[in-house]
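> model this:
(one chain, ligands or ions: 1)
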Amino acid sequence: MAVSEKSIDERITRLQSPGLVDLHFDLPMDLFEKRGGPNVLMTEFLPELEAGNIGVLAAAIFIEDRYLAADRTLSVALGQIARVYAEAEQSARFAVCKSYREILQARQTGKIALLLTMEGVEPLGSDVDLLRVFYELGVRVIGLTHARPNAAASGGVFAPQGSPRDGLSAFGREVVSGCEALGIILDLAHINPAGFRDVLSMTTKPVIVSHTNARRYYDIERNISDEQIRMVGQRGGVIGVNSVLVSPQKEQSTLDRYVDHIQHIVDLIGIEAVGIGFDFFEFIYRQWTEDARRELAAKLTEPHFIPDLRNHSHARNLTRKLIERGFSDEQIEKILFGNWMRIFKELL
Ligand SMILES: [Zn+2]
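Sure, this is the predicted structure:
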């Protein structure tokens, strides 16, 4: 190994050592599907999380269409939370955290902090009282919708326009007020443009977008426009850059394009406002049948996985790329963990 290569390697190790924060991962539904098996978190996830120095991982409760249709929404949501706790308990390497202090404690003892989040409020049905229940169970970040409409709001479509013109329903407004009152961070990922504006107009605290991309490089409503990016910046929020929607073109779905999204957000609203929301999804996609993949492509889009950023073990590739692209150590630390930790400190 050449001297310069060795020093870059050491620099990556040093930058990553405090532990990266990833604000979106579909962990609970996979643990739920594999319930009854051996400790899935330890055997299937820990090696990659360790290889990538992941320190805080947002575990998103998400209810698939088939469970909504079968009227099992609430029980599946609770089942997912149960699996996260049960699996974390079986391992000395994880801790489910509900506050900034608990996150710091977990990190100081070398544990990976799991933060429960909710992607779509379908588990609440239309009962805002259940928000309190999920808060008590540890949910600390909530996005009102996935790509589909629900009782609270509508998701942005995977096209430049076409989502409902309506913003939040009366129920959606109750959920947003409830989140601010309880201390649940509001996540604007997925929501349609009208809902995005509504949430901002009725809140005062920083908001986040846990996993998204800039429409400048992938122009669909599911991503966010320059105007929306500025709105988050004005509020002191943070935007997590998603790895699976960096470009509509497969050939352009590269690590460099991922960093282009980071750079674009930095150019618009500064280095304090960007973080990571990898949304690594290939491990679930691989479990699907051809039919299920075709259905996703027809309903939403065909995901293009970045060859050298496909799972948590690849996080060093991102840090290396940020160095190559001229980011300073201080800037890289903000992107990898500093900005999200600031949000936790302020809001949790
Ligand atoms: Zn998502």
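> strands of the stretch 51-200 of the chain, start to end?
For the stretch 51-200 of the chain, the strands defined by DSSP state E, counting those that start in this stretch cover 54-61, 94-96, 112-119, 139-143, 185-187.
> check which helices and strands the last one sits against.
Using 3 or more Cβ pairs under 8 Å, 6 or more residues apart in numbering; DSSP states H and E as the contact criterion, the neighbours of strand 185-187 among helices and strands are strand 139-143, helix 170-182, strand 208-212. C-beta coordinates here come from the backbone N, C-alpha and C atoms, glycine included.
> again with the second one
With contacts defined as 3+ Cβ pairs under 8 Å, 6+ apart, strand 94-96 has these neighbours: helix 73-89, helix 100-108, strand 112-119.
> try it again with 6 Å
Using 3 or more Cβ pairs under 6 Å, 6 or more residues apart in numbering; DSSP states H and E as the contact test, the elements touching strand 94-96 are helix 73-89, strand 112-119.
> what lines up beside the last one in the sheet?
By that I understand strand 112-119. If you go by DSSP bridges, strand 112-119 pairs up with strand 54-61 (parallel), strand 94-96 (parallel), strand 139-143 (parallel).
> follow-up on the earlier one: so which of the helices and strands packed on strand 185-187 is the most packed in?
strand 208-212 (a mean of 29; mean count of other Cβ atoms under 10 Å).
> where does the protein have low pLDDT?
For the chain, the stretches with pLDDT under 70 are 1-3.
> doesn't residue 22 fall inside a helix?
No. Read with DSSP: H, G, I helix; E, B strand; the rest coil, residue 22 is strand and lies in no helix.
> closest to residue 87 out of the helices and strands packed on strand 185-187?
Minimum separation from residue 87 across those (Cβ to Cβ) falls at strand 139-143, 16.9 Å.
> now stretch 312-329: how far from the chain's centre is it?
The chain centroid and the centroid of stretch 312-329 are separated by 19 Å under Cα atoms, centre = their mean, to the nearest Å.
> nearest to residue 292, out of the strands paired with strand 112-119?
Comparing the strands paired with strand 112-119 against residue 292 with Cβ to Cβ, the closest turns out to be strand 54-61 (19.1 Å).
> contact partners of the closest one?
Outside strand 54-61, the residues that touch it by Cβ atoms under 6 Å, 6 or more residues apart in numbering are 19-28, 77, 80, 84, 107, 113-119, 312.
> how many residues are close by residue 324?
The number of residues packed around residue 324, counting by other Cβ atoms under 10 Å, is 12.
> likewise the one 10 residues further on?
Using other Cβ under 10 Å as the criterion, residue 334 is surrounded by 23 other residues.
> which residue packs closest to it, ignoring adjacent ones?
Nearest non-adjacent residue to residue 334, counting by Cβ to Cβ, 6 or more residues apart in numbering: residue 271, 5.4 Å away.
> that neighbour contacts residue 331, correct?
Yes. Counting by Cβ atoms under 6 Å, residue 331 is a contact partner of residue 271 at 5.1 Å.
> sorry, back to before: export the strands paired with strand 112-119 to JSON lines and tack on distance to residue 132?
As requested, these are exported to JSON lines (distance: least, Cβ to Cβ, whole Å):
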{"stretch": "strand 54-61", "distance to residue 132": "16"}
{"stretch": "strand 94-96", "distance to residue 132": "18"}
{"stretch": "strand 139-143", "distance to residue 132": "10"}
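> residue 42 is nearest to which of the ones you listed?
strand 94-96 (8.5 Å).
> what about the residue nearest to residue 334, how many residues nearby?
Neighbours of residue 271 using other Cβ under 10 Å come to 18.
> what ranges do the strands span in the stretch 201-348 of the chain?
Taking DSSP E, counting those that start in this stretch, the strands of the stretch 201-348 of the chain run over residues 208-212, 238-241, 274-276.
> so what's the gap between the last one and the chain middle?
The reference is to strand 274-276. Computed by Cα atoms, centre = their mean, the chain-centroid distance of strand 274-276 equals 10 Å.
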